[in-house]
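Visitor: Next input, structure requested:
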Amino acid sequence: METKSRYEVICELEDKKRKLILERDSFEDEVKIKEKEIKLTKRDVEDEEEDLVEYKGTIQKRKETIQELINSLDDSLKRLGSSQLQKK
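Guide: Got it, this is the predicted structure:
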């Protein structure tokens, strides 16, 4: 069985006390860190909401542009198809 000197016991107890004091004193800092994280998360959500509004605002124009491209491709396909028929 291992026996410890009085000095070793005192050192261990002081070390435990120091760790407990540090833990106790760090609670406020942890709260501040979590509050900052929440603020940043809220900002990120606000930014994403703004992006969504902007995206929704561009959808109709983008659809129209894509439709114009589709129509253009359809016209090209028709012309190519009709020119192939005329050559035969």
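
Visitor: and Ser26, how many neighbours does it have?
Guide: 11 (other Cβ atoms under 10 Å). All C-beta atoms are positioned from the backbone trio N, CA, C, and that covers glycine.

Visitor: what about the residue positioned nearest the centre of the chain, distance to Lys61?
Guide: Closest to where the C-alpha atoms of the chain average out (Cα atoms, centre = their mean) is Asp44, at 7.8 Å. Distance from Asp44 to Lys61, counting by Cβ to Cβ, to the nearest Å: 27 Å.

Visitor: quick check: mean pLDDT across the helix or strand where Leu13 lies?
Guide: Secondary structure assignment for Leu13, by DSSP states H and E: helix 6-87. The average pLDDT for helix 6-87 rounds to 94.

Visitor: Can you tell me which helices and strands it packs against?
Guide: With contacts defined as 3 or more Cβ pairs under 8 Å, 6 or more residues apart in numbering; DSSP states H and E, helix 6-87 has no helix or strand neighbours.

Visitor: So that it lines up with my notes, have the first residue be 13 from now on.
Guide: Sure thing, new numbering starts at 13, so read that last one as helix 18-99.

Visitor: how distant is it from the center of its chain?
Guide: Taking Cα atoms, centre = their mean, to the nearest Å, one finds the center of helix 18-99 at 3 Å from the center of the full chain.

Visitor: again with stretch 14-27
Guide: For stretch 14-27, the distance to the chain centre is 49 Å (Cα atoms, centre = their mean).

Visitor: got a list of contacts for it?
Guide: Around stretch 14-27, nothing counts as a contact under Cβ atoms under 8 Å, 6 or more residues apart in numbering.
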